[in-house]
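Asks: Turn this into a structure:
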Amino acid sequence: MIKFTAFLRAINVGGRVVKMEVLRKQFEALGFDNVSTFIASGNVIFEAQDATPDALESRIEERLQKALGYRVATFLRSGPEVAKLSSLCTKYALEIEAGAVLYVIFARRAPRPDGKRQLLALNNEIDELAVHGRDILWLCRRYLGESKLEGAALEKTCALEATVRNANTVTRIAAKYL
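Replies: Model (predicted):
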């Protein structure tokens, strides 16, 4: 069995309210084991038989489309991938203590070289982006309202569908479940 975390997009935002029990039941109906949710923003931890993440993402998206009536983009990370991201997040501890906020942007694939260059060109005194494979760390040194960046603009820049989580969520998942 492989432990995964599904980071779901469009859960409990924009007027779409989904109870975590509903998500757990949908994942259990897919045959996954040890299903649990973490906070009500669409983070589902589960175990699955050896299967490709792409195939699992498709199965989850199809199931949630039918159950919820709208598309829920799904971004899977294995236990070791979440642990690695959590470790990367600790490098920003001093800036976070000083008031900065760190976000993790989950995408399906790594940005292409031109998309990566465009993303990194957005770095400024408020925002710092760092690409780690298909994941992007976004350090916002001031209030988010002062930033010129936001999720949709970042998606457009690197031509990738994505979902964003506060790094605290990622590190807490790693500590609790991995």
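
Asks: and the protein, what are its domains?
Replies: Per the record, the chain has its domains at 2-78, 81-177, by automatic domain parsing.

Asks: If you count neighbours, what's buried in the helix ranked longest in the chain?
Replies: Ordering each helix of the chain by length in residues (DSSP state H) puts helix 53-68 first. For helix 53-68, the buried set under the neighbour-count rule, 16 or more other Cβ atoms under 10 Å, comprises Pro53, Leu56, Glu57, Arg59, Ile60, Glu61, Arg63, Leu64, Leu68. All C-beta spots, glycine's among them, are computed from the backbone N, C-alpha and C.

Asks: sorry, back to before: in JSON lines, list the domains of the chain along with mean pLDDT.
Replies: Listed next are those as JSON lines, based on pLDDT from 0 to 100:
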{"stretch": "domain 2-78", "mean pLDDT": "95"}
{"stretch": "domain 81-177", "mean pLDDT": "92"}
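
Asks: in the chain, which spans are strands?
Replies: Using DSSP state E, the strands of the chain run over residues 2-8, 33-37, 43-48, 74-78, 101-107, 127-132, 135-140, 162-166.

Asks: Out of these, flag the one nearest Gly151.
Replies: strand 162-166 (4.9 Å; Cβ to Cβ).

Asks: ok, residues contacting that closest one?
Replies: 7-9, 41-43, 73, 75, 101-108, 136, 138, 151, 154-155 (Cβ atoms under 8 Å, 6 or more residues apart in numbering).

Asks: now do stretch 93-100
Replies: By Cβ under 8 Å, 6+ apart, stretch 93-100 touches Tyr92, Leu102, Leu139, Cys140, Arg141, Arg142, Ala167.
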